[in-house]
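Trainee: Following is a predicted model, sequence given first.
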Amino acid sequence: MLYREAGDYKTSYVADSQTFPIKFDRYGYYVLLGFAFLVMPLIINDYWANSIVVPFLIYAIAALGLNILIGYCGQLSLGTGGFMAVGAYASYKLMTAFPDLNIIFVIIIAGVVTAAVGVLFGLPSLRIKGFYLAVATLAAQFFLIWLFTRTAWFYNYSPTGMISAPTREIFGVPVTGPRASAVSMYMICLCFLVASAWLARNLTRGSIGRKWMAIRDMDIAAEIIGVNPLIAKLTAFAVSSFLVGISGALLFAVYLGAAEAGEAFGIDKSFLVLFMVIIGGLGSIFGAFAGAAFLIVGPVLLKLLLVNTLGWPTDLAAHLEIMIVGALILTFLIVEPHGIAALWRTIKEKLRLWPFPY
Amino acid sequence: MPDTLLFALEASLNGLTAGVMYALVALGFVLIFKASGIFNFAQGVMALFAALTLVGFQSGQIPFSHLINAMFGTRLHHFGWNMPTMLAIPATVLVMIALAILVERFILKHLVNQEPIILFMATIGLAYFLEGVGDIMWGAEVKALDVGLPKGMSSAVDEATFNWFGYGFYIDRLEIWAAGIAAVLVAVLTVFSQYTKQGRALRAVADDHQAALSVGISLRFIWVLTWSIAGIVALVAGIMWGSKSGVQFSLSLIALKALPVLILGGFTSIPGAIVGGLIIGVGEKLFDFFMNPIIGGATENWFAYMLALVFLLFRPQGLFGERIIERV
């Protein structure tokens, strides 16, 4: 009743193969997009932008990237934090070396650099798989962080070892550095997220996405029917690292403003993004958004409840938060191993029949 | 003998002892992987949890005191007595067994027949959960652990090497003890799995779950058993690492150190875990020794992984792992 696909007839191939073939989905998507672009900039304030919205947008890009690698191509990676660091340091070097280069190009080139590094560390995936590959990607994580903290060239020989983003403007509005306003931070992250989601969605339903999924489901069988594992796996690593690199660049340049490799891009970041992908749902674009929202908003709410409402000490609340995140992951895996995306599918199924279920 | 060679020899000896410590953690991984095919990421946190519990028992801390104080406004902290080590260790073993039963009851039972990646994620979730529980139960501050193991420079080694080479090697007595204890542990585990009924059941389950079930072996009991043994191995590792560098959060990160060890040795081989640990230990000390002047220090953060990565390219199943055969 509430969610209907009946009576929605398609008369052309274009209409049939559009991203949201069901009218209800499509209008919902337009409303959401309109809200995000037109209403949110008017109502957003510094607190909302800094604690929830901007980190959500940035991590959603990272989760999209990792979801392509793990959810679509089946290659388990624990090196996300390291690849985010590559994006951040690439954008820093570009910003300081070419001050006139537009920040949008800086971030995109940072993504391309990360894609190249990702392909390099993805090479072992041709030979090893599963947990072995996960451990191999940990090599990327630790090696990259070590490289960025030890090699002074990467942080321009600054005495603290930190990198800090200089102010860059788009149409005269500062989007990075200390003068950036909440609205400009929000808008640039939103634009990149929408572009990333568009890219991810269309890649995954095209031929390359089908190749990834064939590799994920059974790589030997895929090879036999003519999918080239070299190309499929390496493109998955490239696209995934590209998105992760963009999110790392945004995290550093727009959100944090100043960062230190070991602290901002440690192994815990890798796990955080991995949890987003798992909780959201492997192999689902919506899942990446849902997982990011869940793991960004959840801890903030928990902290509000425990520290501000109940008045508990912050360290205790932090420990409880770790514990609850762990418990949530376990609960999700037991109750719904395919994440929030599968939950959403079930809800749609129920809404279709409501109020007259069998 | 030239000095460089002597220093390198000392570094590799230190590497050997450090490798034993890595092998201790890797051992717990192998046990669980063999018996249930689960890659238990929580092994490091289990070591931390065991060590925290041991210290808590020893010093008579009240569990969850911080939480209780925050909820009811009380000021609890200690029972006011100290438990002797000989009593605290069995008590901790009991806690680890209880943990194994809980893990089986609430997690593993529900995840039978799931894909390995889901089980792996579940153990990451378990690692976070246990970390939080450990901190809330016993507090997050760094604690000293003393179970009466000797510490400091071994003067016997120092004197002997001084007489031979004219240069005394520095080797921690604790690490010599750790090597001895690890040897005993491996011997006991081998005897247990070769000569007891439960040990044989364990190997049967490791071989083939369904066949083991069909001859009447209780899978659930075997899982509780392996997780208990892994818990006890974690306790031993926790005692060793805790005595060496204090009980603190970083203890759980040794799990990450054990991963390359596992890859080198193969996930399914107990001797592999030991040999892998030794190779990694010696390798990273020697690499640091020779490369430190050239590319700077702290290479041990990544050297083990790089070694494992290069190694994997040539032998994907590890040194002693079973050959991977794939069918469509």
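Mentor: Arrived safely.
Trainee: shouldn't residue B:22 be in contact with residue B:264?
Mentor: No: look at residue B:22 against residue B:264 with Cβ atoms under 8 Å: they stay out of range, at 10.2 Å. In short, each C-beta sits where N, CA and C put it, glycine included.
Trainee: three-state assignment of residue A:178?
Mentor: Three-state call for residue A:178 (DSSP: H, G, I helix; E, B strand; the rest coil): coil.
Trainee: Can you report how many residues neighbour it?
Mentor: Neighbour count for residue A:178, taken as other Cβ atoms under 10 Å in any protein chain shown: 11.
Trainee: got a list of what the residue in chain A that chain B sits nearest to touches?
Mentor: Nearest residue of chain A to chain B (Cβ to the nearest Cβ) works out as residue A:323 at 2.6 Å. Shown in contact with residue A:323 (Cβ atoms under 8 Å, 6 or more residues apart in numbering or on different chains): B:128-129, B:131-133, B:136.
Trainee: rerun that using 7 Å as the cut-off
Mentor: Applying Cβ atoms under 7 Å, 6 or more residues apart in numbering or on different chains to residue A:323 gives the contacts B:129, B:132-133, B:136.
Trainee: Please identify the helix or strand for residue 47.
Mentor: All of this refers to chain A. Element membership for residue A:47, per DSSP states H and E: helix A:46-48.
Trainee: actually it's chain B I care about, not the one you picked
Mentor: Element membership for residue B:47 (DSSP H and E) is helix B:43-59.
Trainee: related to what we said a few turns ago, pull up the overlap in contacts between residue B:22 and residue B:264.
Mentor: residue B:280.
Trainee: Determine the longest helix present in the chain.
Mentor: Answering for chain A, as no chain was given. helix A:182-205 (DSSP state H).
Trainee: not what I meant, chain B
Mentor: Scanning chain B for the helix with the most residues, using DSSP H, yields helix B:3-36.
Trainee: so what does that helix touch, helix or strand wise?
Mentor: helix B:43-59, helix B:173-195, helix B:197-207, helix B:219-245, helix B:254-265, helix B:270-295 (3 or more Cβ pairs under 7 Å, 6 or more residues apart in numbering or on different chains; DSSP states H and E).
Trainee: Looking at those helices, which is nearest to residue A:51?
Mentor: Checking the helices and strands packed on helix B:3-36 against residue A:51 by Cβ to Cβ gives helix B:43-59 as the closest, at 28.3 Å.
Trainee: Tell me the first helix or strand C-terminal of that closest one.
Mentor: Helix B:43-59 is succeeded, C-terminally, by helix B:65-72 (DSSP H and E).
Trainee: What residues of that next one count as buried?
Mentor: By neighbour count on 16 or more other Cβ atoms under 10 Å in any protein chain shown, the buried set for helix B:65-72 is B:65-66, B:69-70.
Trainee: where's residue B:262 relative to residue A:79, distance?
Mentor: 18 Å (Cβ to Cβ, to the nearest Å).
Trainee: thinking residue A:133 is in contact with residue A:125, fair?
Mentor: Yes: assessed by Cβ atoms under 7 Å, residue A:133 is found in contact with residue A:125 at 5.4 Å.
Trainee: Look at the two and report which has more neighbours.
Mentor: residue A:125 (26 against 23).
Trainee: need the residues of the stretch 201-328 of chain B near chain A, please.
Mentor: Contact residues, the stretch 201-328 of chain B versus chain A (Cβ under 7 Å from any Cβ of the partner chain): B:256, B:259-260, B:263, B:296, B:298, B:301-302, B:305-306, B:308-309, B:312-313, B:316, B:326, B:328.
Trainee: so where does the residue of the stretch 201-328 of chain B found nearest chain A fall, helix or strand?
Mentor: For the stretch 201-328 of chain B and chain A, the shortest gap (Cβ to the nearest Cβ) falls at residue B:305, measuring 3.4 Å. Using DSSP H and E, residue B:305 maps to helix B:303-314.
Trainee: what residues does that helix touch?
Mentor: A:124, A:127-128, A:132, A:135-136, A:138-139, A:142-143, B:257, B:260, B:263-264, B:280, B:283-284, B:287.
Trainee: starting at the chain centroid, how far to stretch B:236-256?
Mentor: Stretch B:236-256 sits 9 Å away from the centroid of its parent chain (Cα atoms, centre = their mean, to the nearest Å).
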